[in-house]
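K.L.:
Model the structure of this input:
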Amino acid sequence: MDPGPGYYHAITPQRKVDVTTFYEQTAVAMYDGFAERMARWAAKGDARQQRLDALFTEAQKELPK
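P.N.:
You can find the predicted model right below:
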């Protein structure tokens, strides 16, 4: 299906920056939420949840700083 000309807004340099910033903020928020969940699981989760937190914690050590 071809929506025709003018259907999508042009990607201006400012719009590209805005879209990139939005995606970066979304990714950071998702990561923060996941990290919070892992912390809750480490504190009071069952053995499987605590194991997942341990894997997450180990993976974080390998991230570049």
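
K.L.:
and the lengthiest helix in the chain, what does it pack onto?
P.N.:
Longest helix of the chain, by residue count under DSSP state H: helix 13-44. Packing partners of helix 13-44 (3 or more Cβ pairs under 8 Å, 6 or more residues apart in numbering; DSSP states H and E): helix 47-61. Where you see a C-beta, it was placed from the backbone N, CA and C, and this is true even at glycine.

K.L.:
In space, not sequence, find me the middle residue of the chain.
P.N.:
For the chain, Ala27 is the residue whose C-alpha lies nearest the centre (Cα atoms, centre = their mean; 2.8 Å).

K.L.:
Model confidence at it, what's the number?
P.N.:
The per-residue pLDDT reported for Ala27 equals 97.

K.L.:
buried residues in the longest helix of the chain?
P.N.:
Neighbour counts over helix 13-44 (16 or more other Cβ atoms under 10 Å) mark 38, 41-42 as buried.

K.L.:
Contact partners for Val19?
P.N.:
Ile11 (Cβ atoms under 8 Å, 6 or more residues apart in numbering).

K.L.:
Going forward, count from 386.
P.N.:
Taking 386 as the first residue, the last one we looked at is Val404.

K.L.:
can you tell me the distance between the two ends of stretch 386-404?
P.N.:
For stretch 386-404, the first-to-last residue distance is 25 Å (Cα to Cα, to the nearest Å).

K.L.:
how distant is it from the center of its chain?
P.N.:
24 Å (Cα atoms, centre = their mean, to the nearest Å).

K.L.:
Need the mean per-residue confidence for that stretch.
P.N.:
On average, stretch 386-404 scores 82.

K.L.:
same question, stretch 434-443
P.N.:
95.

K.L.:
cool, stretch 418-431 as well?
P.N.:
Regarding stretch 418-431, the rounded mean pLDDT is 95.

K.L.:
which residues are contacting it?
P.N.:
434-435, 437-439, 441-442.

K.L.:
Can you dump the C-alpha atoms of that stretch in PDB for me?
P.N.:
What follows is stretch 418-431, C-alpha atoms only, in PDB (Å, rounded to 0.1, in the frame of the first residue of the first chain):
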ATOM      1  CA  GLY A 418      13.000  -0.800  35.100                       C
ATOM      2  CA  PHE A 419      14.600  -4.100  34.500                       C
ATOM      3  CA  ALA A 420      17.500  -3.400  36.900                       C
ATOM      4  CA  GLU A 421      14.900  -2.400  39.600                       C
ATOM      5  CA  ARG A 422      13.100  -5.700  39.000                       C
ATOM      6  CA  MET A 423      16.300  -7.700  39.300                       C
ATOM      7  CA  ALA A 424      17.100  -5.900  42.600                       C
ATOM      8  CA  ARG A 425      13.600  -6.800  44.000                       C
ATOM      9  CA  TRP A 426      14.100 -10.400  42.900                       C
ATOM     10  CA  ALA A 427      17.500 -10.500  44.600                       C
ATOM     11  CA  ALA A 428      16.000  -9.300  47.800                       C
ATOM     12  CA  LYS A 429      13.000 -11.500  48.100                       C
ATOM     13  CA  GLY A 430      12.500 -13.600  45.000                       C
ATOM     14  CA  ASP A 431      12.600 -17.400  44.700                       C
END
